[in-house]
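> this one's sequence-less:
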């Protein structure tokens, strides 16, 4: 069945695209959620009228994603977590939501947890590289430092830099 997507659907297509999907997928998933409409002649005419508007919206989201990338790419985000006394294994886990909250509080950028490219929750102390999907054409990465203040395994980068350069008194 040919449908016109109202929203971007992962592994199916992007907003405004005409795609061919299984009848059951369209009737049971896409239509009830308002993600697509049947691609008949009337809807295709409406799509052509909306295409310029959709392209403008896509370029705006692309520029917004690029500005967010400039703010967060390569930056360090620190998360405090409890770990066992003799091990680097965490009692809990650091999830995508925890990372999104930390980025919001430390870098002042609001992200959704689905944008965080974390396949499995982080369960160890230390440094981890986390990929972030801002737009289908724009990706960023942050350096995540998970630490336990009671059992330091590695000092944050800022602490090392502060010790290397002694403070000057005025």
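Received it, and whenever you're ready, just let me know what you need. Everything numeric here is computed off the predicted structure, so don't read it as measured data.

> Look up how far residue 69 lies from the most centrally placed residue in the chain.
Note on the chain: the residue nearest the mean C-alpha position is residue 115, at 1.9 Å, using C-alpha atoms, centre = their mean. Applying C-beta to C-beta, to the nearest Å, the value for residue 115 to residue 69 is 12 Å. C-beta: built from backbone N, CA, C; applies to glycine.

> same deal with residue 130?
Distance from residue 130 to residue 69, by C-beta to C-beta: 14 Å.

> that older thread, mind listing what the residue nearest to the centre of the chain touches?
Residues in contact with residue 115 (C-beta atoms under 8 Å, 6 or more residues apart in numbering) are 100, 132-134.

> what about the longest helix in the chain?
Assignment by DSSP state H gives helix 41-72 as the longest helix of the chain.

> So which elements touch that helix?
Here helix 41-72 touches strand 2-5, helix 96-107, strand 126-135, strand 138-147, going by 3 or more C-beta pairs under 8 Å, 6 or more residues apart in numbering; DSSP states H and E.

> Tell me how this structure divides into domains.
2-67, 70-164 (automatic domain parsing).

> So for residue 49, which of the helices and strands packed on helix 41-72 sits nearest?
strand 2-5 (12.3 Å; C-beta to C-beta).

> Kindly provide the distance from the spatially closest residue to residue 114 that is not a sequence neighbour to residue 120.
Closest residue to residue 114 apart from its sequence neighbours, by C-beta to C-beta, 6 or more residues apart in numbering: residue 96 at 7.5 Å. Residue 96 is 10 Å from residue 120, where distance means C-beta to C-beta.

> Over to residue 137?
26 Å.

> quick one on the thing from earlier: when residue 96 and residue 120 are compared, which one has more neighbours?
More neighbours surround residue 96 than the other of residue 96 and residue 120, with 20 against 7 (other C-beta atoms under 10 Å).

> residues touching the more buried one, list them.
By C-beta under 8 Å, 6+ apart, the contact set of residue 96 is 113-114, 116, 118, 121.
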